[in-house]
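Fold the following for me, if possible:
(chains A and B)
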Amino acid sequence: MGLPVWRQLRTELHPRGLEIVTVALDLEVDAARSWIERSGAEHPQLVDTAHKLDELLGIVNVPTALWIDESGTIVRPPHTAAVERYDFSKLKVPEGLPDDLDAHIRDMLEQVKRIPRFDADHYVEALRDWVEHGASSEYALTPDEVVDRSGPRLRAVAEAEAEFDLGQFLHHAGYVEDARPHFRAAHRLQPENWTYKRNAWELVSPGIQGPTDFYDGDWLADIKAAGPENYYESPDF
Amino acid sequence: MILQSLDVTPEELERKTGWELKPEGLCKDDRCVSLPAKARTDGRLDVTVVADRLGMPLVHDERHGVWALGPESADHVLASAQLPPIVLQDVDGRPFDLASLRGEKVLIAAWASW
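Residues are numbered from 1 along each chain as shown, chains lettered A, B, ... in the order given. Coordinates of the predicted model:
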């Protein structure tokens, strides 16, 4: 989840003028609550149950970060925020699972191992450099570069956002089943948005996000279709 | 933006979408789009006309009688490098305005429990 790392970075960099704000892209506040309460963080910890950040900033996966200067100008648009170090050699399938589940999870782990990892140390060095040097840091982009780097909002993406909005509204109003067709439409319209997909899958297939009657895709099928190498966009630092 | 009916006050539209009603039409950043007279009745705006003029999708849930108006299509999701107005809540429902952090450098980190 990255929360311990953000807490650590905030302890180091807050005295030098950086505030960190973590935002959980969780439909259910309670799904994020225990992580937030256990984090011990002193920075603002927010929840975006409607996924406003997807629409306003173009976020499609997590972890994603952006940097904003003292005047409220974005100097790094949303990018994959590689701050955690992983050791996948230690990933193991739990013992004693039924055969089909065991095979499914094995298959998932094979895909996970093929997701690219980015250099966490380099990312943190870049962040420290910007905190120290501000606009003269080589990692701070100009406003034109920031706008250029943000991709287009196509009609289909705008529609996906409207469908997800309807879905989250109905879900929160208690119409959990009636929300699903709208989530499904959002998935079809913007298949590259993993936050829309994984949030909806998690509600009907917790932990595995496997195939169900409610959605056309699932984590394993979709990551195979997209290619695990494309799961995260390179942060390009 | 979620709608329970297909008309909206200009104030509501501006608060939710950033498009402001001016004499020349609806304006956001440095763009203005003219609005036909039929779009305004008794101080309210016809959302179907607004959606059409601004290129916004309007999707409907028939059973519950609600609509969602999506954002306009654009060459860039970020029309400018200025952080748009964003107010979110903490786990206890207390609102937090990201603009309150002006004067500090800020890193926003999106994560999820799933």
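
Tell me where the chain has helices.
Just going to use chain A. Listed in chain order, the helices of chain A (DSSP state H) span A:3-13, A:29-39, A:52-57, A:99-113, A:120-133, A:143-149, A:155-172, A:176-189, A:194-204, A:219-226.

Can you look at chain B instead?
B:10-17, B:47-54.

in stretch A:79-90, what's buried?
Residues of stretch A:79-90 classed as buried by neighbour count (16 or more other Cβ atoms under 10 Å in any protein chain shown): A:79-83. (Each C-beta comes from the backbone N, C-alpha and C, glycine too.)

B:Trp111: which of the residues you listed is nearest?
A:Ala81 (8.7 Å; Cβ to Cβ).

residues touching A:Ala162, list them.
When contacts are counted by Cβ atoms under 8 Å, 6 or more residues apart in numbering or on different chains, A:Ala162 touches B:56-59, B:68-70.

Relative to B:Asp97, which of the helices of chain A is closest?
helix A:52-57 (12.8 Å).

for that closest one, packing partners?
helix A:155-172 (3 or more Cβ pairs under 8 Å, 6 or more residues apart in numbering or on different chains; DSSP states H and E).

Can you check what angle separates the helix it packs on from helix A:194-204?
30 degrees (axes from the mean of the first three to the mean of the last three Cα atoms, to 10 degrees).

from the middle of its chain, how far away would helix A:155-172 be?
17 Å (Cα atoms, centre = their mean, to the nearest Å).

Could you give the average pLDDT over it?
Across helix A:155-172, pLDDT averages out at 98.

can you tell me which residues contact A:Gly17?
Here A:Gly17 is in contact with A:70, A:131, B:104-105 (Cβ under 8 Å, 6+ apart).

returning to that earlier point: out of the helices of chain B, deepest packed?
helix B:47-54 (a mean of 18; mean count of other Cβ atoms under 10 Å in any protein chain shown).

number of nearby residues for B:Phe82?
Residue B:82: Gln, not Phe. Per other Cβ atoms under 10 Å in any protein chain shown, the neighbour tally for B:Gln82 reads 15.

Tell me which residue lies nearest the centroid of the chain.
Just going to use chain A. Note on chain A: the residue nearest the mean C-alpha position is A:Val62, at 1.4 Å, using Cα atoms, centre = their mean.

could you do chain B instead?
Per Cα atoms, centre = their mean, the C-alpha nearest to the average position across chain B is that of B:Thr17, at 1.4 Å.

So for B:Arg63, what's the pLDDT?
98.

Backbone dihedrals for it, please?
phi -60, psi -40 (degrees, to the nearest 10).

Now do the contacts for it.
So, once contact is read as Cβ under 8 Å, 6+ apart, B:Arg63 ends up touching A:Asp178.

what's the burial count for the residue of chain B found nearest chain A?
Per Cβ to the nearest Cβ, B:Gly70 is where chain B lies closest to chain A, at 3.1 Å. Per other Cβ under 10 Å, the neighbour tally for B:Gly70 reads 27.

correct me, but A:Gly167 touches A:Glu177?
No - with contact defined as Cβ atoms under 8 Å, A:Gly167 does not count as touching A:Glu177 (11.1 Å).

Looking at chain A, what residue ends up closest to chain B?
A:Ala162 (3.1 Å).

where does chain A have low pLDDT?
A:1, A:87-89 (pLDDT under 70).

List the beta-bridge partners for the nearest residue to B:Pro10 once chain neighbours are set aside.
In this structure, B:Pro10 finds its nearest non-sequential neighbour in B:Leu21, 3.8 Å apart by Cβ to Cβ, 6 or more residues apart in numbering or on different chains. Beta-bridge partners of B:Leu21, counted by DSSP bridges, are B:Leu26.

residues contacting B:Leu21?
Contacts here follow Cβ under 8 Å, 6+ apart; on that basis B:Leu21 touches B:10, B:13-14, B:35, B:45.

can you tell me which two in those are farthest apart?
B:Glu14 and B:Leu35 (13.4 Å).

Show me what stretch A:185-195 is in contact with.
A:25, A:51, A:54, A:59-62, A:156-157, A:159-161, A:163-164, A:167, A:196-197, A:200, A:215-217, A:222, A:226, A:231, B:59, B:112.

hmm, try it at 7 Å
A:25, A:51, A:54, A:59-62, A:156-157, A:159-160, A:163-164, A:167, A:196-197, A:215-217, B:112 (Cβ atoms under 7 Å, 6 or more residues apart in numbering or on different chains).

Mark which of those are buried, thanks.
For the contacts of stretch A:185-195, buried by 16+ other Cβ under 10 Å: A:25, A:51, A:54, A:59-62, A:157, A:159-160, A:163-164, A:167, A:196-197, A:215, A:217, B:112.

got the contacts of A:Gly17 as a markdown table, with distance to A:His171 columns?
Putting the contacts of A:Gly17 into a markdown table (distance: Cβ to Cβ, whole Å) gives the following:
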| residue | distance to A:His171 |
| --- | --- |
| A:Glu70 | 37 |
| A:Val131 | 38 |
| B:Glu104 | 34 |
| B:Lys105 | 35 |
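
okay if I get the residues you listed as CSV plus neighbour count and distance to B:Ile2?
Output for the contacts of A:Gly17, formatted as CSV (neighbours: other Cβ atoms under 10 Å in any protein chain shown; distance: Cβ to Cβ, whole Å):
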residue, neighbour count, distance to B:Ile2
A:Glu70, 14, 34
A:Val131, 19, 38
B:Glu104, 13, 32
B:Lys105, 22, 34
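
Look up the closest residue to B:Ala39, ignoring the ones flanking it.
Spatially, and ignoring its direct neighbours in sequence, B:Ala39 is nearest to B:Val49 (4.0 Å; Cβ to Cβ, 6+ apart).
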